[in-house]
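A predicted structure for the sequence below; I have some questions about it.
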Amino acid sequence: MKRNIFYSATIVALTLLLSLQVNAQVAINTTGAGPNASAILDLTNTASKGLLVPAVADVTTVSSPAQHLFMYQTGTNNQGVGLYYYEGTSWTRLASGGGTITSVTATSPISSSGGSAPNITISAASTTSSGYLKMADFTKFNNIAKVPWALSSGTSSYYAPTGSGNISIGTSVESTRLYVKDDGADKYVAFFDNSGATETSNGIMIKAGTNSTSGAVFLSFLNSDDSEIGKIWQSGSNSIDLATSSDARLKNRIQHTHFSLENLMKIKVRDYYWNNDKANKLNTGFIAQELYEVFPNAVAVPSKPEGTWMISQEKLIPLIVKSIQDQQATIKVQEERIKSLEDRLSALEQKIGK
């Protein structure tokens, strides 16, 4: 009996060895099915049981680990508890078991500042190499992706939650909620486009200030050395004003203007209709080219022939004030002459009456 058992075990072992040599695949199951064609080891069961991977307290204590070796670490050192594999030079954790991320590394074209909460950047494309972002996406990713954007519930709109930080584009400066910077010439740093082409296709809305007092600045205009040259500010509970710099410290060769009432009288006031006005509304005003011949200070001449001529009606105010002053001086002289004539007439009437 014992001899028969020995013979049977020998036959099974030889059969298994021959199967390993011929097929180089093994299937372990309770159904007798062969291994999957893509697997060297096929473990299948119907009892909801898994594969128990060898465990150690610290995977770095494994002596001379083979590349692709799998181990489960029970300790909290390295990257914490979890399943690790050896990639040839170091251990990498595959699954979290309660540990925390302590560092994030990356290779070109992706870079990481390191640490558990790193800034991730991707280099801009200088060639057609795969893995690089084109310039537009590069700027968008590197300056916006670091803000923890959230998807608004039930919509396709994203927003930056309160207190999550500032957004900067084209610079690392984050002094305001939104900071956009560009060093280019002959172009604008931002463009807002509402292409609805209707009477309600509005532009930008600004909310600031209070309901009762003045002082809040809605827009401030700075030159290249950060000096304020103008602003739109709240001048009352229900009004705004436009202010532009006029500081004596910014001016030189100050003198009385040579413009006068005579210049004002030469300005032509016109009635006209705009070419593209479907309402065909009558307007009253000035023609830039005509005004330029009389008072060029109030005219913005385009840099290119196809550009649009524009005027600044605010710059006409000094000319109007000077003209009123001239007119008032003339009136005063005439009043004095009239007074003198009236006095002489009164004296003559008194002589005749005697």
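Received, thanks.

okay, residue 261: pLDDT?
Per-residue confidence (pLDDT) for residue 261: 93.

so what's residue 55 closest to, chain neighbours aside?
Spatial nearest neighbour of residue 55, chain neighbours left out: residue 72 (4.2 Å); criterion: Cβ to Cβ, 6 or more residues apart in numbering. Where C-beta positions appear, they are placed from N, C-alpha and C, glycine not excepted.

What pairs with the helix or strand hosting the one you found, parallel or antiparallel?
Applying DSSP states H and E as the criterion places residue 72 in strand 70-73. Each strand paired with strand 70-73, and its direction, by DSSP bridges: strand 55-56 (parallel), strand 82-86 (antiparallel).

what mean pLDDT does it have?
Averaged across strand 70-73, pLDDT comes to 90.

C-alpha coordinates for that strand, CSV please?
Only the C-alpha atoms of strand 70-73 are listed here, as CSV (Å, rounded to 0.1, in the frame of the first residue of the first chain):
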residue,chain,number,x,y,z
PHE,A,70,7.3,42.8,-3.5
MET,A,71,7.1,43.1,0.3
TYR,A,72,4.6,44.5,2.7
GLN,A,73,6.0,46.9,5.4
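
related to what we said a few turns ago, enumerate every residue touching the residue nearest to residue 55.
53, 54, 55, 56, 82, 83, 84 (Cβ atoms under 8 Å, 6 or more residues apart in numbering).

These into JSON lines, with extra columns for pLDDT, neighbour count and distance to residue 348?
Formatted as JSON lines, the contacts of residue 72 follow (pLDDT from 0 to 100; neighbours: other Cβ atoms under 10 Å; distance: Cβ to Cβ, whole Å):
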{"residue": "53", "pLDDT": "84", "neighbour count": "10", "distance to residue 348": "130"}
{"residue": "54", "pLDDT": "89", "neighbour count": "9", "distance to residue 348": "134"}
{"residue": "55", "pLDDT": "92", "neighbour count": "13", "distance to residue 348": "131"}
{"residue": "56", "pLDDT": "94", "neighbour count": "14", "distance to residue 348": "131"}
{"residue": "82", "pLDDT": "87", "neighbour count": "18", "distance to residue 348": "120"}
{"residue": "83", "pLDDT": "89", "neighbour count": "17", "distance to residue 348": "124"}
{"residue": "84", "pLDDT": "89", "neighbour count": "24", "distance to residue 348": "124"}
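
Could I get these in CSV, plus columns for distance to residue 189?
Shown next, in CSV, are the contacts of residue 72 (distance: Cβ to Cβ, whole Å):
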residue, distance to residue 189
53, 56
54, 60
55, 58
56, 57
82, 47
83, 50
84, 49
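
rewinding a little: how far away is the residue nearest to residue 55 from residue 28?
Using Cβ to Cβ, to the nearest Å, residue 72 is found at 21 Å from residue 28.

same check, this time on residue 264
104 Å.

do residue 311 as well
Per Cβ to Cβ, residue 311 is found 90 Å from residue 28.

that older thread, who has more neighbours, residue 264 and residue 28?
residue 264 (18 against 10; other Cβ atoms under 10 Å).

which residues touch that one?
Counting by Cβ under 8 Å, 6+ apart, residue 264 has contacts 319, 320, 322, 323.

Repeat the analysis, applying 10 Å as the threshold.
294, 295, 316, 319, 320, 322, 323, 324, 326, 327 (Cβ atoms under 10 Å, 6 or more residues apart in numbering).

would it count as being in a helix?
Yes - Residue 264 forms part of a helix when assessed by DSSP: H, G, I helix; E, B strand; the rest coil.

Local confidence estimate at it?
At residue 264, the predicted lDDT confidence score is 94.

do the same with residue 43
pLDDT recorded at residue 43 is 80.

No more questions from me, cheers.
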